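Enquirer: sequence and predicted model, in that order:
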Amino acid sequence: MADTPNTFTATVLGFPRIGPNRELKRAIEGYWAGRIDPVALQNTARDLRIAQLTAAKTAGLDSVPVGTFSYYDQMLDTAVLLGALPDRVAGIIDELQRYFAAARGNAEVEPLEMTKWFDTNYHYLVPEISAQTAFRLDETKLVAELREAAELGIPARPVVIGPITFLKLAKGTGDSDPMARLDDLLPLYEQLLTVLARVGAEWVQIDEPVLVTDLSESDLASVRSVYQRFTAVAERPAILVATYFGSPGPALAELAATDVEGVALDFVAGTTVDDVAALPALTGKLVVAGVVDGRNIWRTDLDQALATASTLLGSSRSVAVATSCSLLHVPYTLDAEPDIEPALRSWLAFGAEKITEVTTLATALHTGTDAVATDIAAARAARQARHNDSRLRNGTVRARLEALAPGADRRAPADERRSLQQAGLGLPTLPTTTIGSYPQTTQIRVARAELRKGAIDRAEYQRRMRAEIADVIELQEGLGLDVLVHGEPERNDMVQYFAEQLDGFLATQHGWVQSYGTRCVRPPILFGDVARPHPMTVDWISYAQSLTDKPVKGMLTGPVTILAWSFVRDDQPLGDTARQVGLAIRDETVDLQRAGIRIIQVDEPALRELLPLRDADKPAYLEWSVGAFRLATSGVSDSTQIHTHLCYSEFGEVIGAIAGLDADVTSIEAARSHMEVLDDLNAVGFHLGVGPGVYDIHSPRVPSVDEIVASLRAALAAVPADRLWVNPDCGLKTRATDEVIESLRNMVEAAAALR
Ligand SMILES: CN1c2c(nc(N)[nH]c2=O)NC[C@@H]1CNc1ccc(C(=O)N[C@@H](CCC(=O)N[C@@H](CCC(=O)N[C@@H](CCC(=O)O)C(=O)O)C(=O)O)C(=O)O)cc1
Ligand SMILES: N[C@@H](CCS)C(=O)O
Ligand SMILES: [Zn+2]
């Protein structure tokens with residue numbers, strides 16, 4: 001390692017990988033379905049990587065991340081890199097098949113668990129580490145991608161997830177704590193450093209986002225010892241440790257105390273120039289300044305970003321301009337959105353535009369502002385125009401929120417509501433229901449695509465969706481479910497659907513972002529005050545209710561989830577925006593009730609996801625998030641039953657907040673954690689209705705009646721029968737119709753057997 005490595009000036013921390021037109025999604029799904037062979041898949045992947053590398057170099061990045069491409073997920077790739085796939089897939093000889101078996105399971109093996117990547121809407125696969133995991137370096141993928149970039153003359157910087165993040169996010173199997181295996185993992189990283197140096201890497205980026213969470217003293221000590229140890233490797237690239245999604249807080253001093261050559265810091269999500277100035281030990285290092293937001297889509301305030309970078313230059317040896325995190329979390333380019341109105345468009349920057357912002361800032365920082373004066377002036381004008389735009393403020397909504405009485409988000413005591421609701425609904429004990437969506441068949445998506453292209457008109461679209469609703473109602477009546485749903489066929493997505501109908505939001509046509517594996521979402525852009533110009537769901541639900549005497553649940557997405565899965569405005573506190581969305585949903589509940597709907601479910605699967613990463617910030621978040629939900633659900637009368645639904649997370653830290661939501665019935669993912677959530681709810685005095693998911697909808701496997709009876713018996717050990725509901729873990733939109741019918745038939749039979 002040379003004493004002074006060549007530094008760089010402009011970079012991003014990682015790239016999206018699905019392809020600008022979701023080419024990778026289509027290729028992988030084609031490979032799974034046997035439509036294309038592995039070579040065709042690999043060719044698509046290579047073409048996407050090469051296009052991206054070339055574009056990055058052309059745009060002027062002088063260090064380009066390599067290795068952030070993935071067929072499914074970067075944590076899974078790291079498990080492959082370290083030989084840490086679970087034994088149950090070891091017998092699968094074909095590498096690609098083994099990889100996808102770990103990712104999504106097959107008829108014989110269970111996949112790895114999936115969970116949210118910090119506070120984002122991206123899901124990673126959770127590595128399983130035991131005392132026996134036999135780590136073994138397999139650098140094939142990373143080295144191949146590095147060589148691929150080198151052949152194109154790209155100044156490539158390999159990226160790997162660091163050992164502390166890898167182990168802290170892993171799940172211990174047996175009694176073992178993954179962190180106990182840290183010392184066993186370090187020689188592999190040391191070996192990797194040497195391999196990368198020999199292939200020509202001048203720098204390596206080691207991602208340690210876990211450093212922005214609260215760490216124990218011993219973990220902090222590991223930060224210093226691990227990275228100091230890495231610097232002792234004789235033949236290695238310069239080391240850049242990357243943190244993102246927050247400030248590394250005390251971990252920064254530990255890194256500063258080592259001889260690593262650089263640190264990447266997120267100045268959008270909390271790190272400050274003072275944090276850097278306070279650590280003289282950083283003076284000799286490269287600071288990669290994440291001043292361009294990698295997670296949101298607003299055009300950067302170049303004046304402010306440049307001020308930050310310039311100040312840093314005063315206290316560091318060198319400064320590179322960068323995005324705050326990988327571009328994984330934003331769409332590829334604004335070029336794909338010709339329909340966005342020009343004024344609004346000028347406020348935005350997607351992936352490609354962010355790369356340009358980075359190079360503009362790097363030029364300004366290192367060469368002077370003259371060369372980019374026009375760009376800086378244009379950004380300033382766009383920001384000013386956004387600030388002054390009348391659509392940002394809706395006086396009526398603000399006045400309505402101001403005028404709300406202090407008790408407006410409270411309902412009568414739960415027991416009073418319960419008797420009223422039971423008298424009105426007359427449900428049996430252990431009522432059966434589903435979470436809302438039924439399979440989103442190709443037929444449904446094609447109808448929507450045809451509507452978009454103008455091949456069918458709105459009346460025809462409505463006719464087809466009504467036919468879907470009628471089928472789903474008939475199916476549920478046939479199965480003997482007690483509380484029915486309309487099946488959500490008309491929804492492209494449970495957030496986008498609402499955003500498309502609310503003022504203050506902008507929906508994109510092609511702004512796809514990976515959520516997990518090949519599944520993508522198009523987060524709407526929340527740019528201004530939110531208002532509901534007209535009812536959003538009443539016609540569909542009323543139609544469904546007209547087909548049956550059983551109660552049909554109105555189905556809405558809650559304010560916290562709408563925010564979590566949108567690009568949110570950055571010019572006011574999120575809690576204020578949440579109240580505006582809460583008010584819009586409240587109006588919808590009132591209209592549903594007026595239309596004769598007696599049960600309304602308001603989904604909040606993202607309640608846990610938005611929980612701040614540091615303990616100190618959690619109480620304030622829980623206060624506003626619970627408040628926004630209560631505002632959304634307290635406009636109806638006490639005889640209307642409010643349900644909520646939570647999934648996709650470990651609920652431990654939000655269990656008190658779930659009780660605080662005060663929903664009459666909460667359906668909650670529980671099957672995979674064997675109903676443990678019920679004990680947690682009991683521990684916080686939860687006494688409302690609860691529907692712990694009795695089977696896992698993430699797998700195509702049909703649960704038997706006996707299995708569901710066993711789940712229900714486990715639930716009955718924690719919850720009295722008069723509070724227990726029977727439902728799957730989550731919606732059924734990603735499942736096939738045949739599986740759904742069989743599974744629900746067994747679920748209804750299991751409930752009947754226990755009654
Ligand atoms: C519950 N989850 C959600 C999250 N975030 C959201 N914003 N929404 C969610 O529901 N986060 C946590 C989880 C993540 N889970 C999932 C599960 C499934 C998907 C998924 O299936 N995504 C689809 C795209 C869904 C969609 O927007 N559909 C649109 C457009 C459909 C489309 O691509 N049409 C084609 C033409 C028709 C065809 O050939 O199928 C086209 O336009 O080219 C719609 O239905 O109209 C996916 O395909 O990835 C996401 C997150
Ligand atoms: N009502 C939604 C919730 C998903 S979390 C559904 O059933 O798909
Ligand atoms: Zn769910």
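Expert: Nice, I can see it. Ligands and ions are numbered 1, 2, ... in the order given.
Enquirer: how is the protein divided into domains?
Expert: 23-329+339-389, 418-493+537-754 (automatic domain parsing).
Enquirer: and the strands in the stretch 1-150 of the chain?
Expert: Ranges of strands within the stretch 1-150 of the chain are 64-66, 113-116, 123-126, 128-129, based on DSSP state E, counting those that start in this stretch.
Enquirer: the last one: partners in the sheet, and parallel or antiparallel?
Expert: It stands for strand 128-129. Taking DSSP bridges as the criterion, strand 128-129 sits next to strand 171-172 (parallel) in its sheet.
Enquirer: ok, the first one next?
Expert: For strand 64-66, the paired strands and their directions (DSSP bridges) are strand 156-161 (parallel).
Enquirer: residues touching the strand it pairs with, excluding its own?
Expert: With contact meaning CB atoms under 8 Å, 6 or more residues apart in numbering, strand 156-161 is reached by 8, 11, 13-14, 53, 63-68, 74-75, 78, 81, 142, 145-146, 149-150, 189, 192, 196, 201-207, 237, 240, 242. Where C-beta positions appear, they are placed from N, C-alpha and C, glycine not excepted.
Enquirer: same thing but 7 Å
Expert: Contacts with strand 156-161, where a contact means CB atoms under 7 Å, 6 or more residues apart in numbering, come from 14, 63-68, 74-75, 78, 81, 142, 146, 149-150, 196, 201, 203-207.
Enquirer: could you dump that strand to PDB, C-alpha only?
Expert: Taking C-alpha atoms only, strand 156-161 is exported to PDB below (Å, rounded to 0.1, in the frame of the first residue of the first chain):
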ATOM      1  CA  ALA A 156     -13.300   0.900 -10.700                       C
ATOM      2  CA  ARG A 157     -13.600   0.700  -6.900                       C
ATOM      3  CA  PRO A 158     -14.900  -2.700  -5.700                       C
ATOM      4  CA  VAL A 159     -17.500  -2.500  -3.000                       C
ATOM      5  CA  VAL A 160     -18.200  -5.100  -0.300                       C
ATOM      6  CA  ILE A 161     -20.300  -5.200   2.800                       C
END
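Enquirer: where exactly do the strands run in the stretch 151-300 of the chain?
Expert: Remark: strands assigned in the stretch 151-300 of the chain by DSSP E, counting those that start in this stretch are 156-161, 171-172, 203-207, 238-242, 262-266, 286-292.
Enquirer: compare those strands and give me the one nearest ligand 2.
Expert: Distance to ligand 2, taken as CB to the nearest ligand atom, is lowest for strand 171-172 among the strands of the stretch 151-300 of the chain, at 22.4 Å.
Enquirer: count the residues that sit near the closest residue to ligand 2 within the stretch 401-550 of the chain.
Expert: Of all residues in the stretch 401-550 of the chain, the one sitting closest to ligand 2 is Gly436 (2.8 Å; CB to the nearest ligand atom). A count of nearby residues for Gly436, using other CB atoms under 10 Å, gives 25.
Enquirer: one step back: which of the contacts of strand 156-161 count as buried?
Expert: Neighbour-count burial (16 or more other CB atoms under 10 Å) applied to the contacts of strand 156-161 gives 14, 63-68, 74-75, 78, 81, 142, 146, 149, 196, 201, 203-207.
Enquirer: pretty sure Arg466 sits against Tyr543.
Expert: Yes. Between Arg466 and Tyr543 there is a contact at 5.9 Å, judged by CB atoms under 7 Å.
Enquirer: point to the helix or strand of the protein where mean pLDDT is at its lowest.
Expert: strand 113-116 (a mean of 90; mean pLDDT, DSSP states H and E).
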